[in-house]
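*Asks:* any chance you could fold what I've pasted below:
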Amino acid sequence: MYRDQEIAMVRGSRTDPGLEMASLLRALRDQAGISVREMERRSRDRRGRNGRAAPGLSKTTVSALIHQEKPTWPTREQFDAFVDTCLTHARAHGRDLPTYLGDAAGLGRRYAELSTRRARQVGRPPAAASPATVPRQLPPAIGGFVGRSREMAELTALLSPEDARPSSVVIAAVSGSPGVGKTALALHWAHLVRDAFPDGSLYVNLRGGDRDALAPEDVLEGFLRALNVAKDGIPPLLDDRARLYRSLLDKRRTLVVLDNAASVHQVRPLLPASPGSMAIVTSRTRLTGLIVQEGAHPLPVDLLSAAEAHELLRQIVGTERTAAEPEAVAEIARMCACLPLALRIAAERIAIHPHDGLADLAAELAVEQERLGVLETEDVSVRTAFALSYQDLPEEAARLFRLLALHPGPDISTQAAEALAGLGPAETRRRLDRLTQAHLLEETGKGRYRFHDLLRCYAREVLAEERERAADADGEHRRAEDRLIAWYAHSAAAVSRMLAPSPAAYQPALAPPPAGCRPERFDDHAGALRWCDAERANLVAATRRAAERGGHEAWQIPVTLMFACYLGAYVVADWMALLEPALPAVRRAGEPNGEGVILFSLGLVHWQAHRFDESVACFQKAAGLWRATGYRWGEGSALHKLAETYALQQRFEEAERLFRRVLATAEELGEQWGRGNVLVGLGNLCKSTGRTDEAIAYLNEALTTYRDTRPDLVGNGAALIGLGDVHQSLGRHDRAIDYYRLALTSSHAGGSRDNEVRTLFRLGESLFHDGQAEEAYRVLSEAMAIFDELGDPRADSARDLIQKIQAGDGPPPAGGGP
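*Replies:* Here you go, the predicted model:
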């Protein structure tokens with residue numbers, strides 16, 4: 001039980017924020033029931049938000065954070081590690097925490113609140129300066145401020161406690177795209193902590209986005225006047241003004257807000273030099289020089305979350321109207337890209353038209369070509385905000401910005417951008433860096449970039465303007481698209497060559513890549529599958545764009561991706577989206593072998609979705625096409641999948657006849673990969689019909705075939721799954737578990753997500769049968785998550801078994817499941 005005063009502290013009494021924080025952490029640890037030693041161990045294995053190893057919590061650190069009299073204030077990383085470790089331990093041990101302790105997001109907000117209160121109490125000198133010399137220049141904070149708890153906490157963490165004076169001035173470089181709310185953040189935080197700066201606050205809008213950006217000497221004149229320097233006492237030269245300014249701020253604790261900066265050169269003379277002062281600089285660019293040379297703390301500001309965007313609209317428009325049309329609110333937020341400036345303009349339009357529904361505005365915003373026009377008023381415009389940053393770009397970066405509007409997918413890699421622009425790697429990267437520094441493009445990961453939706457609209461507008469203005473713009477844009485789509489097609493063909501299980505596999509004849517297009521190359525299966533996963537949505541978009549242009553790539557890309565799809569690199573919905581434009585395109589091209597691949601792939605999609613009648617029809621049509629063209633390897637592949645489908649439909653006699661027919665063809669062709677697959681199919685069929693000895697013999701022969709010819713980790717994994725199934729059906733659960741673990745390793749190494757998730761399900765079943773319910777629960781939960789991601793109905797089977805485990809029911813029938 002907790003002392004009453006500790007609980008009062010945790011729930012928000014206005015005591016010392018450091019003691020309150022320590023009390024909160026003590027309560028969380030005690031309620032979670034985790035030892036200091038266990039916290040240290042768990043935190044070492046924890047991953048941060050970026051996927052990298054997160055800072056650990058030593059026993060010394062934990063003890064210091066929860067000290068009852070003189071606790072150490074946690075950094076945000078330490079706080080997150082503490083919370084995550086406690087909550088994970090509590091969940092694993094079924095401990096129910098009070099609401100105020102069990103919500104990670106709520107605890108994060110509590111951290112921000114306590115950080116702000118602490119900021120108001122730290123670093124105050126014994127005596128405030130004379131009122132006559134204290135400037136208070138902060139403009140009013142912008143109303144309707146929401147979110148930004150992370151950014152607020154980071155700013156607060158930069159403040160120094162009273163017993164730890166900093167050795168230099170603190171600088172925060174706040175950057176972000178036009179309209180993202182940099183000024184709102186800076187002013188909101190500055191007002192919250194203004195009492196921590198008793199010597200006053202200075203503010204200036206540097207007009208960095210305008211052609212008439214303020215000169216630093218003019219800004220210094222205003223600052224010096226605010227510091228009670230007579231006009232005739234202000235030196236004429238910039239350097240002299242800067243020296244006087246810094247002298248006046250020496251030994252003072254002053255907050256300087258430099259809003260909307262154009263460049264580092266504009267900002268440098270305006271920075272205070274005295275320890276204890278702080279400068280907040282906001283800019284549309286990253287101000288890298290300020291970070292590198294002056295040691296500024298970079299603070300990027302991102303778009304709002306969907307929930308924060310909804311809250312901003314609610315605050316401005318009102319609860320009644322937003323609650324009445326929640327779907328329209330969500331659409332407005334989405335089409336405004338959760339950009340605060342766009343949301344405020346949209347909210348203003350709603351407010352001045354009280355008789356219009358929110359759905360009416362959502363319908364206006366839905367027309368992409370008119371969206372930026374809707375998001376403007378007499379005083380402010382999203383288009384103008386973007387234009388100010390775009391106009392500052394050098395022409396080579398502006399050209400890339402326009403060309404990126406041609407990209408049909410949600411994001412783009414550096415290599416695809418090279419093809420689009422027809423440039424080499426170094427020059428492309430230089431131009432991409434210029435766009436990201438201007439926050440006109442977001443770098444989402446290593447070598448990957450994206451526009452948010454409104455910037456994409458603007459990029460398409462300036463692209464269209466160039467097309468109207470420049471005589472050859474149309475031709476340049478067409479050539480850029482040619483290079484881009486060829487890059488996707490040839491890179492997908494490289495995937496096919498890497499993943500194809502046999503030299504006999506069909507490969508379409510692509511036109512040579514145009515100049516400036518350097519397709520990807522792959523050294524192994526894993527690299528090819530990683531590329532497919534990263535480019536999944538872009539390949540769908542490129543295929544659709546190729547179909548709109550009437551290009552052969554509309555069927556060639558899906559054909560070359562068939563083996564990646566077969567291995568489970570694509571979810572059902574994406575795979576179907578790839579194939580929809582492909583069938584009419586390949587028929588127009590008169591390519592029966594390519595049509596067979598598309599039909600075969602459609603059969604696999606239906607098979608994955610358990611639509612077995614549709615699968616049968618597709619496999620039969622594919623086999624017929626390939627029989628007519630004499631493509632025997634393809635015909636054998638289609639008949640093999642047809643036999644597997646018959647077996648799933650319990651049409652065992654038909655399935656066995658087909659398997660033996662395909663086996664004879666594979667042996668006649670000397671096709672050992674196909675032979676191994678058929679042996680696995682026969683082994684699974686024999687297991688299903690109770691012929692377990694035959695099943696084991698076929699499956700062991702398949703393993704030998706895969707080992708002695710071309711090593712095939714995917715086929716090897718399938719044979720091991722089959723052996724596990726046989727032993728599970730015989731009640732030999734320990735043997736089944738061994739085979740499934742081997743199959744899991746083989747399938748993962750071979751890149752087959754379908755085999756991998758099937759193995760996880762079977763392994764979960766066997767573990768449960770073997771009395772290992774906790775491990776079974778973990779494995780089945782992993783399988784269910786992958787099934788759900790793939791859009792696979794087998795997720796329901798995993799979910800049912802998990803519910804049985806949770807209910808403490810007996811084991812399911814042996815050998816069941818997908």
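
*Asks:* I figured L801 was touching S766, is that so?
*Replies:* No - L801 is beyond contact range of S766, at 11.5 Å (criterion: CB atoms under 8 Å). C-betas here are computed from N, CA, C, even on glycine.

*Asks:* pick out whichever of these two has more residues nearby.
*Replies:* S766 (29 against 24; other CB atoms under 10 Å).

*Asks:* how about the more buried one, what does it touch?
*Replies:* 724, 728, 733, 736-737, 740 (CB atoms under 8 Å, 6 or more residues apart in numbering).

*Asks:* so how far is S688 from it?
*Replies:* 18 Å (CB to CB, to the nearest Å).

*Asks:* could you do L790 as well?
*Replies:* 24 Å.

*Asks:* give me the neighbour count for G276.
*Replies:* Neighbour tally, G276, other CB under 10 Å: 23.

*Asks:* and the residue nearest to it when sequence neighbours are not counted, helix, strand or coil?
*Replies:* Leaving aside its sequence neighbours, G276 sits nearest to R253 (CB to CB, 6 or more residues apart in numbering; 4.3 Å). The three-state label given to R253 by DSSP: H, G, I helix; E, B strand; the rest coil is coil.

*Asks:* hmm, H452 is touching E442, no?
*Replies:* Yes - using CB under 8 Å, H452 is in contact with E442, at 6.9 Å.

*Asks:* overlap in contacts, the two.
*Replies:* Common neighbours of H452 and E442 (CB under 8 Å, 6+ apart) are S177.

*Asks:* residues contacting F787?
*Replies:* By CB under 8 Å, 6+ apart, the contact list for F787 reads 757, 761, 793-795, 798.

*Asks:* in JSON lines: these, plus neighbour count.
*Replies:* Output for the contacts of F787, formatted as JSON lines (neighbours: other CB atoms under 10 Å):
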{"residue": "V757", "neighbour count": "26"}
{"residue": "F761", "neighbour count": "24"}
{"residue": "P793", "neighbour count": "14"}
{"residue": "R794", "neighbour count": "21"}
{"residue": "A795", "neighbour count": "20"}
{"residue": "A798", "neighbour count": "27"}
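
*Asks:* from these, pick the one nearest S615.
*Replies:* Distance to S615 across the contacts of F787 (CB to CB) is lowest for P793, with 13.5 Å.

*Asks:* next structured bit after whichever strand or helix holds D613?
*Replies:* Under the criterion of DSSP states H and E, D613 resides in helix 612-629. Once the chain leaves helix 612-629, the next helix or strand it forms, by DSSP H and E, is helix 632-648.

*Asks:* C-alpha coordinates for that next one, PDB please?
*Replies:* Only the C-alpha atoms of helix 632-648 are listed here, as PDB (Å, rounded to 0.1, in the frame of the first residue of the first chain):
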ATOM      1  CA  ARG A 632       6.000 -27.600 -70.100                       C
ATOM      2  CA  TRP A 633       7.600 -26.200 -67.000                       C
ATOM      3  CA  GLY A 634       4.800 -23.700 -66.600                       C
ATOM      4  CA  GLU A 635       2.200 -26.300 -67.300                       C
ATOM      5  CA  GLY A 636       3.700 -28.600 -64.600                       C
ATOM      6  CA  SER A 637       3.700 -25.700 -62.100                       C
ATOM      7  CA  ALA A 638       0.000 -24.900 -62.800                       C
ATOM      8  CA  LEU A 639      -1.000 -28.600 -62.500                       C
ATOM      9  CA  HIS A 640       1.000 -29.000 -59.300                       C
ATOM     10  CA  LYS A 641      -0.900 -26.100 -57.700                       C
ATOM     11  CA  LEU A 642      -4.100 -27.500 -59.100                       C
ATOM     12  CA  ALA A 643      -3.400 -30.800 -57.400                       C
ATOM     13  CA  GLU A 644      -2.600 -29.000 -54.100                       C
ATOM     14  CA  THR A 645      -6.000 -27.200 -54.400                       C
ATOM     15  CA  TYR A 646      -7.800 -30.500 -55.100                       C
ATOM     16  CA  ALA A 647      -6.200 -31.900 -51.900                       C
ATOM     17  CA  LEU A 648      -7.400 -29.000 -49.900                       C
END
